[in-house]
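> Okay, predicted coordinates and the sequence, questions at the end:
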Amino acid sequence: MSEAAIWLLVACACGVIVVRRRRVAVALLAAQSMLLGAFAIVDAAGESSALLVGGVILAGKAIVLPAVLAVVVTRTREAQPIASERHPLARLTLALAIALAVVTLMPRFGLTDARAEHAAVGLMALGIATAVVRRPAIFQALGFLVAENGLYLAALSAPGGLPAVIELGLVFDLVVVTCVAGAFGTKIHEELGSGDTSLLGGARD
Amino acid sequence: MIETLVVVVPALPVACGLLTRVARTPSAADHVNVVGALATASAALTLAALALAKSATPTQGTWYVVDGASGLFLAVIGVVGLLSALVSPAYLAGAGRGFFRAARARAWYYLGFHLFWATLLALPLVDNLGVAWLLVEASTGASALLVAYSGRRAAIDAGWNYLVLTTFGLTIAFAGILVLFVGLAPHGGSLATLDWQQIAAHAGELPAEGALLAFVLIVGGLAAKIGWAPVHNWLPDAHSEAPPPVSALLSAALLPTVMLVAWRVLATLGPALRDGVANAIFIAFGLASLAIAVPFLWRPLAWKRLLAYSSLEHMGVLALGIGFATPLATAGVVLHLAGHALAKALGFYAAMALLRNQPDAAAHPPAGVAHASPGTAAAMGISLGSLGGLPPSPLFFSELLVLLGGIAAGHLVVTAIAAALLGLGFLGLAQALIEGLLGGERQRAWRRGRAVRMTERLAAALGAGLIALSACAYLLPGSTAVRMLMAGVS
């Protein structure tokens, strides 16, 4: 994978942390997944079964998952910006600090392409950081999917790739978990009139 | 026969869950649920019996393994799942507004419940770390909606936190599996590379740093789902907000079953780490869980929340027993697993009668239950007494075995700290029990409705089961039964 493509993947993840509009964030995730899916298909050229698996994953991650989230966004209109959100620059600074720390501390684990390995770890960290620094439910779900894309990048760069059963099972699980997250997002909005999870404030000890 | 049952056991609850979706009336859905649960539990217990009888020669297929450990966990999941399915109609009959539209709520509940149960039943059988991870992840989807079933704001919060925290934990665990897969790629690079036997066979050839990284990521990630401190934040909320039959399944079946996956990782990948490091990680999780849980057992908490913190304590005890890894400690783990399942499930089932008659108990400690309903009080007493380790509870013997196992393993300081924490935990629970049963103002007697009668019957049945387990405590240490039971993970 070229350096430009890797930076593009990271830029999409940073975009999810910064943007205010949920629809734009979903589009960024779709673009990130599309890029990874395209890379998988190019990599699998000539092998019909690998192409099929790559195609299913591309459809699942770049089309189905963003479509589910887009439906949730359409059903849950935010009348005004989420009050509890930090300033975008503060979010980005915090997320990048977390990601850089994790990339620096994480030892190499054997992928042939060191850049892809760092980017994979960075995407995972950025995904987790997204869930930490963003309050709306939809952004927390997006954070999870960005982290999963980091894992997918690592899997694509692994010698021989991951077994098809695991990759397909992972996409199935992602669809299930995203649908459940979507149901929660809709319910949270119904309950609070906003997707701001910080307003839920359940019982705490 | 084993080969057939391995497919039938997880398939039955899936079919049952789908059938409840097409049931036309609530009572038809209840009937499908009960019949399906009886069939599932019969198949699971038959397979468990076969697994235990043939544990000296585990049966292995292309994707499954039926060994002593599978048998033990299948039995626990089968029994708790059956009881939860049987009490679910009583819970649903009194459930108010919920997460789902009223017309379809019952069907969604049963679908989620049976899919959740199916993933739990499949987990001890799978022979592959990657597939086990997929099942753990799938269990999250089904169970998160069940946690939020009541539709209360606190329940939605609990379900959402459970979903987010456990999926991120499992993402980290998957990163560890990827690290392991990359390290083992020279030995195949196929799905079979992640089979337990393959991991055990080749883990020694992994670079020490890679093996440690994989182990820490996998076990650390799974810890978020097991509910080990300090990554347990979802557990108290989810257990206290979920419907009681689901809370029982979460606490008595889900947490230990995910722990079995971590245990198999310890048994297969652990030897590749520097001597004792893998066990020390388990012991650290165990001590942290005990240390964080015990202060909460002293606080005046709502009944289900108290049981949730007790789950944290008991997952800590199990982690210690697994980490000590001596025959005595392993015997303790086996007994603790079964005893905790029965006692905790009874506690959550008793919550149904309690909450129906004393709705304040959802947010406040119960009071004066012994005067209002002696049957419910008996169930609560048996449950909390057992969980506290009051003799002749099987948990008293199992905790003793774990502590003796710790001494045998040479972990004297850890054992002393654990013993002190368990003692404090016992006192905290004893105080909560006395206050809950005898404290507060004298109350009017509750009507002996369906929930109370059911709780009384469960108290008698599960109380007898707990006594029977206590009797087993004398037979377990050093017996071939434990060695054979745990052949799959030791």
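Received it, and whenever you're ready, just let me know what you need.
> Every contact and neighbour count from this point should use C-alpha atoms.
Fine.
> isn't residue A:146 right next to residue A:29, touching?
Yes: distance between residue A:146 and residue A:29: 7.0 Å, which falls inside the contact criterion (C-alpha atoms under 8 Å).
> Give the intersection of the neighbour lists for those two.
Residues touching both residue A:146 and residue A:29 (C-alpha atoms under 8 Å, 6 or more residues apart in numbering or on different chains) are residue A:13.
> Of those two, which one has the most company?
More crowded of residue A:146 and residue A:29, by other C-alpha atoms under 10 Å in any protein chain shown: residue A:146, with 29 against 26.
> what sits against the more buried one?
A:13, A:29, A:123, A:124, A:126, A:127.
> ok, and which of the residues you listed reach chain B?
Restricting those to those touching chain B (C-alpha under 8 Å from any C-alpha of the partner chain) yields no residues.
> Closest one of those to residue B:21?
Within the contacts of residue A:146, the smallest distance to residue B:21 is 33.7 Å, found for residue A:29 (C-alpha to C-alpha).
> how close does residue B:255 get to chain A?
19 Å (C-alpha to the nearest C-alpha, to the nearest Å).
> what's the neighbour count on residue 94?
By default, I'm working from chain A. 17.
> look at chain B instead
Using other C-alpha under 10 Å, residue B:94 has 10 neighbouring residues.
> just the helices in the stretch 101-250 of chain B please.
Using DSSP state H, counting those that start in this stretch, the helices of the stretch 101-250 of chain B run over B:102-122, B:129-147, B:153-184, B:196-202, B:208-226, B:234-241, B:244-249.
> Rebuild those helices as TSV, extending it with mean neighbour count, distance to residue B:93 and mean pLDDT.
Putting the helices of the stretch 101-250 of chain B into TSV (neighbours: other C-alpha atoms under 10 Å in any protein chain shown; distance: least, C-alpha to C-alpha, whole Å; pLDDT from 0 to 100) gives the following:
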stretch	mean neighbour count	distance to residue B:93	mean pLDDT
helix B:102-122	23	10	93
helix B:129-147	25	16	95
helix B:153-184	25	19	95
helix B:196-202	18	44	92
helix B:208-226	24	30	95
helix B:234-241	27	18	95
helix B:244-249	28	13	97
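> check contacts around residue B:385.
Listed by C-alpha under 8 Å, 6+ apart, the contact partners of residue B:385 are B:393, B:429, B:430, B:433.
> Helix or strand next in line after the helix or strand hosting it, which one?
Counting by DSSP states H and E, the element that carries residue B:385 is helix B:374-388. Elements were assigned by DSSP H and E; along the chain past helix B:374-388, the next helix or strand is helix B:394-408.
> any idea of the pLDDT on the residue positioned nearest the centre of chain A?
Closest residue to the average C-alpha location of chain A: residue A:146 at 1.7 Å, with C-alpha atoms, centre = their mean. On pLDDT, residue A:146 comes in at 97.
> just the one 3 residues further on next, same as before
The predicted local confidence for residue A:149 comes out at a pLDDT of 96.
> May I have the one helix or strand it maps to as CSV, with CA atoms only?
Element membership for residue A:149, per DSSP H and E: helix A:137-157. These are the backbone C-alpha positions of helix A:137-157, laid out as CSV (Å, rounded to 0.1, in the frame of the first residue of the first chain):
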residue,chain,number,x,y,z
ALA,A,137,-23.6,7.8,20.1
ILE,A,138,-23.1,7.7,16.3
PHE,A,139,-19.5,9.0,16.7
GLN,A,140,-18.7,6.3,19.3
ALA,A,141,-20.0,3.6,16.9
LEU,A,142,-17.9,5.2,14.2
GLY,A,143,-14.8,5.1,16.5
PHE,A,144,-15.3,1.3,16.8
LEU,A,145,-15.5,0.9,13.0
VAL,A,146,-12.4,3.0,12.5
ALA,A,147,-10.6,0.8,15.0
GLU,A,148,-11.8,-2.3,13.1
ASN,A,149,-10.5,-0.7,9.9
GLY,A,150,-7.1,-0.5,11.6
LEU,A,151,-7.3,-4.3,12.3
TYR,A,152,-8.4,-4.9,8.7
LEU,A,153,-5.4,-2.9,7.4
ALA,A,154,-3.1,-5.1,9.6
ALA,A,155,-4.9,-8.3,8.4
LEU,A,156,-4.4,-7.2,4.7
SER,A,157,-0.7,-6.7,5.4
